[in-house]
Every structure is written in C-alpha cells, then in structure tokens.
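K.L.:
Got a predicted structure plus its sequence, pasted below:
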Amino acid sequence: HGPRFASLLRPFRHRLIALGILCVSPVFAFEQSDLLCSLGLTLFSLGCGLVLVGVFLSDLSQSRVARVMAGLGQKSYSIYLWHIPVSALTEKVASSLGYPTRVFVYLLASFAVGSVMATLIEGPALRLRDRWFPSLAAGGGLPENRGPRE
C-alpha cells in the first residue's frame, strides 16, 4: 500500500518531521530517569519513525542540506570511531573553557578529525578491499554453478 500511504501522508511530511524531532528531544534534554527509560524509549522510537517517514516523503535529493548530510553520512563511521579520542583531547586542551564552548569545540573537532581520517584511511582501505575482493553483485550476480554450501 506504498502509493496510498505516500499520497495520504505527503501533505503532512513537514509536520511529521517536526513532531518526530519533538518526540526525540526529551532524550537529549533531560538527565537519565525512570520515565526516560520507559516512556522515553517509546517516544524516541516513535520520533525516529516520524522523522524517517517525513524525510522519505520529501523531495530532498536536490537539496544542499541533503547533500551535506549525505557527505556526513559517508564519513559517520569514522567520526564515530574518532570521537572518543577527540573527547579526551578536548577535555585536556579546552578544560578552561565553559561547558557550551567545550561541547562546540568537541563536536567541531570530532567532525573534522573523523572526516580527515575517513579520507586518509577509510577511503583508501575500502578501495583496496574492492580491488582485492570485488563485489559479486557488481560483476553481474553470482557465478553459475554456485549453490548453497553443503
């Protein structure tokens, strides 16, 4: 029922995204509590679903924001891997700064270091992997005579 679903909800896509962000925000706004561990998880899941539906129903493919987010998504694993060392370094180097400034420096440095490392390490490693172990899907599918392993 995809086309019917899309036609029914497309007019509300921006409201769905806003409502989704509203549902997700308590997890980031409040300290750990029993309420967040129960109702908060439900709200977080619902919010993520609403944001996904709203984004999928939007035509973002030509948007500058979408291109920036896609580029960031390509480097997200490297950013994830490098954020902890960056956090430790930020605490040592920027400990005299106020908390909001320290968080800003930490986030900016995490994105920068993760992006650089993705370009210097992850990109070449993935190209090497693809050269040494090409995808079967890229070569036109599975070889003939290849069946389930016995």
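P.N.:
Looks like it arrived, so ask away.
K.L.:
which stretches of the chain have low pLDDT?
P.N.:
In the predicted model of the chain, residues 31, 61, 138-150 satisfy pLDDT under 70.
K.L.:
mind listing the helices for this protein?
P.N.:
Applying DSSP state H to the chain gives helices spanning 2-9, 13-29, 34-35, 41-56, 64-74, 76-93, 99-117, 123-132.
K.L.:
can you give me the angle the fifth one makes with helix 41-56?
P.N.:
Spelled out, that is helix 64-74. 120 degrees (axes from the mean of the first three to the mean of the last three CA atoms, to 10 degrees).
K.L.:
contact partners of helix 64-74?
P.N.:
Judged by CB atoms under 8 Å, 6 or more residues apart in numbering, the contacts made with helix 64-74 from elsewhere in the structure are 60, 79, 111, 118. Bear in mind the C-beta positions are built from the backbone N, C-alpha and C, glycine included.
K.L.:
Quick check: the gap between residue 24 and residue 43.
P.N.:
Between residue 24 and residue 43 the distance is 7 Å, computed by CB to CB, to the nearest Å.
K.L.:
mind giving me JSON lines with the helices of the chain and columns for mean neighbour count?
P.N.:
Compiled in JSON lines, the helices of the chain are given as follows (neighbours: other CB atoms under 10 Å):
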{"stretch": "helix 2-9", "mean neighbour count": "10"}
{"stretch": "helix 13-29", "mean neighbour count": "15"}
{"stretch": "helix 34-35", "mean neighbour count": "10"}
{"stretch": "helix 41-56", "mean neighbour count": "16"}
{"stretch": "helix 64-74", "mean neighbour count": "11"}
{"stretch": "helix 76-93", "mean neighbour count": "15"}
{"stretch": "helix 99-117", "mean neighbour count": "15"}
{"stretch": "helix 123-132", "mean neighbour count": "10"}
